[in-house]
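# Pasting a predicted model and its sequence here:
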Amino acid sequence: MSNSHRYSVREVLQRLQRGASLLLCILTTLAAPVVLAETRLAVREASLSLDEGVYELDARLDLNLPVDARKAIDSGLTLRLDYEVRISRVRHYLPDDGVAELVQSYELVYHALSQRYLLRHLNSGVQQDFGSLDGALERLQLVRGLPVIDAALLENGSTYEISIRGVLDMGTAPAVFGWLRFWADDWNAASDWYSWTLPR
């Protein structure tokens, strides 16, 4: 009887070690795109300007969606973006005094029949349509002349802290596309707060 197919314990362990190393390499390769495919969201700039007694907000958001999230929008997933704004009076010896909080909400959805991307401002009901997803996302990332607070509500001689952040939710889909919700949590994101002071 031939012993050519028998392996020593050492050879078996070496083969197992090589197999485990190969499996680890494969798993690392498969996991790498998941790490890279995160949504990135950041407020890059924001300011308030006074116009006819009302402070208006201008802001710029950086939004980077992974390829799979973009495909999900084309398949029926609704993107919702909230701009959250807080105004607080700065006090030296007491906690800051909250003056106002405001949320401006937008929804972006692909309309398959017209092959257009529909962007709706939920607070006002105003809707715009775009021929490309990039065009719609570019508009979504800009806030211009948004009324925030009446200047008469802010006391002269006080300093106020203004804070803004973006919160992205991609968890909304029609029932027929419910399977998309399984992946949606990976694409949700919230930016850090972007804050600055406003003297009166």
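Looks like it came in fine.
# How about the contacts made by Gly60?
In this structure residue 60 is Arg, not Gly. 43-46, 141-143 (Cβ atoms under 8 Å, 6 or more residues apart in numbering). Bear in mind the C-beta positions are built from the backbone N, C-alpha and C, glycine included.
# swap in Asp82?
Asp82 sits next to 103-106, 166-167, 169 when contact means Cβ under 8 Å, 6+ apart.
# my guess is it is in a strand, correct?
Yes. Assessed by DSSP: H, G, I helix; E, B strand; the rest coil, Asp82 belongs to a strand.
# Put the buried members of the contacts of Asp82 into a ChimeraX selection.
Buried residues within the contacts of Asp82, by 16 or more other Cβ atoms under 10 Å, are selected in ChimeraX with:
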select :104,106,166,167,169
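# Take the contacts of Asp82 and keep only those in helices.
Judged by DSSP state H, the subset of the contacts of Asp82 located in helices is empty.
# TSV please, covering the contacts of Arg60 and showing distance to Ser75.
Converted to TSV, the contacts of Arg60 look like this (distance: Cβ to Cβ, whole Å):
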residue	distance to Ser75
Val43	29
Arg44	29
Glu45	33
Ala46	33
Gln141	22
Leu142	26
Val143	28
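# Filter those residues down to the ones in strands?
Mapping these onto strands (DSSP state E) picks out 43-46, 142-143.
# Mark which of the residues you listed are buried, thanks.
Buried by 16+ other Cβ under 10 Å: 43, 46, 143, out of the ones in strands among the contacts of Arg60.
# export stretch 112-121 as CSV, just CAs?
In CSV, the C-alpha atoms belonging to stretch 112-121 read as follows (Å, rounded to 0.1, in the frame of the first residue of the first chain):
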residue,chain,number,x,y,z
ALA,A,112,-39.2,56.8,-13.9
LEU,A,113,-42.1,57.9,-16.2
SER,A,114,-40.6,61.3,-17.0
GLN,A,115,-37.0,60.2,-16.3
ARG,A,116,-36.5,63.3,-14.2
TYR,A,117,-35.2,63.7,-10.7
LEU,A,118,-37.7,65.6,-8.5
LEU,A,119,-36.5,67.8,-5.6
ARG,A,120,-39.2,69.0,-3.3
HIS,A,121,-38.8,71.5,-0.4
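# Counting neighbours, which bits of that stretch end up buried?
In terms of neighbour count (16+ other Cβ under 10 Å), stretch 112-121 has its buried residues at 116-120.
# Now go through those residues and say which are in helices.
Counting by DSSP H, the buried residues of stretch 112-121 place none of their members in helices.
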